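> Give the three-dimensional model of this entry:
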Amino acid sequence: MTIPLQIKELLEIEAYRRTIKMLDHAYDVDLANACTPVEREKAQYRHYWETLLYYEQIAEIKTRRLIRKAERLNLSIGPADSDSPMWRRSSQLNSWILTTVGCSEVQKIIRKEYKDRRARDTTWAGVIIGPLTRLASVWLVERG
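As a prediction, this is how the structure comes out:
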């Protein structure tokens, strides 16, 4: 039995979030036990880099999901490069991830496309249903 991709991604994200929560708890204990500011700073540094990996994996999954949705709608998204404010290079995974600005921009483009398609479909429905309704009413009037 295969798991659909969306469900698999949701399960992965949830697992990463649980791991982050577990790491947060473990490092809270380490920070409480740290006696000197140097030990405290080391613990914070290790905590940052360990959790960064999981945060970037979550961001990569969300990026892939948005890109797939945009490609399904035949929308073009700017190429991933260092000059673009939409993309950033992942320090842990060595891949391109959408920034917060990039995610919101892609979501806005996707929403606009859905809205345009809905408006187009509604217009065509009116063009088809309107004359059919009039034809049915004339037929019913003639029928008596």
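
> Buried residues of stretch 91-98, list them for me.
96-98 (16 or more other CB atoms under 10 Å). C-beta here means a position set from N, CA and C on the backbone, and glycine is covered the same way.

> okay, these in JSON lines with pLDDT and distance to Ala32 next?
Shown next, in JSON lines, are those (pLDDT from 0 to 100; distance: CB to CB, whole Å):
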{"residue": "Trp96", "pLDDT": "93", "distance to Ala32": "38"}
{"residue": "Ile97", "pLDDT": "94", "distance to Ala32": "33"}
{"residue": "Leu98", "pLDDT": "93", "distance to Ala32": "36"}
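
> Out of those residues, name the ones that lie in strands.
Under the assignment DSSP state E, those contribute 96-98 to strands.

> What helix or strand is Gly130 located in?
Using DSSP states H and E, Gly130 sits within helix 100-143.

> for Gln6, same thing?
Using DSSP H and E, Gln6 sits within helix 5-33.

> For that helix, name the packing helices and strands.
Packing contacts for helix 5-33, counted by 3 or more CB pairs under 8 Å, 6 or more residues apart in numbering; DSSP states H and E, involve helix 37-72.

> so the helix it packs on versus helix 100-143, what angle?
30 degrees (axes from the mean of the first three to the mean of the last three CA atoms, to 10 degrees).

> Next, the angle from helix 37-72 to helix 5-33.
Going by the same axes, to 10 degrees, helix 37-72 makes 170 degrees with helix 5-33.
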